[in-house]
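**Student:** Build me a model:
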Amino acid sequence: MSDLSCFFRLVYKKRDYRMSILDKSILENIVDHLESKYKVAESWTLVYSSKEHGFSLRTMIHMLENYIPPYVLICETIHGEKFGVFIDDKITFSNSLKGKNNTFLFKYQDQKFKSFNYTGKFPYFCLCDKNYMGFGCSDGKFALVLDSTLLKGTTASVSTFENEKLAATEKFQLKDIEVWQIGF
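**Tutor:** Here you go, the predicted structure:
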């Protein structure tokens with residue numbers, strides 16, 4: 001990972017974390033898309049990482065219980081594609097939808113960052129049950145779905161974000177996944 005010391009800190013267990021799939025370019029682009037109140041954060045705290053905690057949706061949700069939002073979830077596929085979501089709401093196992101209008105998707109491919117903001121249509125931001133976690137839903141599809149193992153997922157274009165597919169193919173396999181809490 002690039003040196004972020006002039007930017008802000010990524011921390012895990014109160015120490016700098018240098019094994020992240022985030023790099024300086026992705027971080028700068030995400031911060032550029034945040035509301036002003038979140039841009040002042042001096043550090044982001046690693047809440048969940050497949051490198052640290054293994055691949056498990058149940059473990060991820062358990063780890064999130066002790067952290068207040070907002071969160072940035074970022075995935076890396078086995079092909080090196082990186083994408084994710086910013087969400088300013090608690091993620092829990094629930095039959096109800098979560099999220100707010102400031103939720104957005106992003107992808108980083110070929111050294112280019114693209115974000116997909118809420119369009120004002122279909123405010124279906126996040127749904128999480130024991131079998132999957134999905135973001136952005138319309139026409140019976142999710143923009144991003146991760147299965148309970150957090151090893152496999154799918155992506156589709158949806159009206160909620162009018163997004164491109166986040167990966168090159170509809171189905172993908174994950175190499176890594178992280179969830180960061182934006183702290184103040």
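**Student:** alpha carbons only for contacts and neighbour counts from here, please
**Tutor:** Fine.
**Student:** In this protein, mark out all the helices, start to finish.
**Tutor:** 24-33, 36-39, 50-53, 57-64 (DSSP state H).
**Student:** Any chance of TSV for the ones you listed, columns mean neighbour count, distance to T92 and mean pLDDT?
**Tutor:** TSV is the format used below for the helices of the chain (neighbours: other C-alpha atoms under 10 Å; distance: least, C-alpha to C-alpha, whole Å; pLDDT from 0 to 100):
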stretch	mean neighbour count	distance to T92	mean pLDDT
helix 24-33	16	23	90
helix 36-39	12	22	88
helix 50-53	14	18	94
helix 57-64	19	6	96
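**Student:** any idea how far M19 is from the residue lying closest to T103 once chain neighbours are set aside?
**Tutor:** Spatially, and ignoring its direct neighbours in sequence, T103 is nearest to I87 (4.8 Å; C-alpha to C-alpha, 6 or more residues apart in numbering). If you measure I87 against M19 using C-alpha to C-alpha, to the nearest Å, the figure is 23 Å.
**Student:** higher neighbour count, those two?
**Tutor:** Between I87 and M19, counting by other C-alpha atoms under 10 Å, I87 is the more crowded of the two (24 against 13).
**Student:** can you count the residues close to the closest residue to Y67 other than its chain neighbours?
**Tutor:** Nearest residue to Y67 in three dimensions, chain neighbours excluded: Q181, at 7.1 Å (C-alpha to C-alpha, 6+ apart). Neighbourhood size, Q181 [other C-alpha under 10 Å]: 24.
**Student:** thought Q181 was touching W44?
**Tutor:** Yes - Q181 lies in contact with W44 (C-alpha atoms under 8 Å); the separation is 5.5 Å.
**Student:** ok so, going back, how far away is the residue nearest to Y67 from S43?
**Tutor:** Separation of Q181 from S43 (C-alpha to C-alpha): 9 Å.
**Student:** if we can go back for a sec, for the residue nearest to Y67, give its distance to L27.
**Tutor:** In terms of C-alpha to C-alpha, Q181 sits 13 Å off from L27.
**Student:** Same list (the helices of the chain) but as CSV, adding distance to T169.
**Tutor:** Below are the helices of the chain laid out as CSV (distance: least, C-alpha to C-alpha, whole Å):
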stretch, distance to T169
helix 24-33, 21
helix 36-39, 32
helix 50-53, 22
helix 57-64, 22
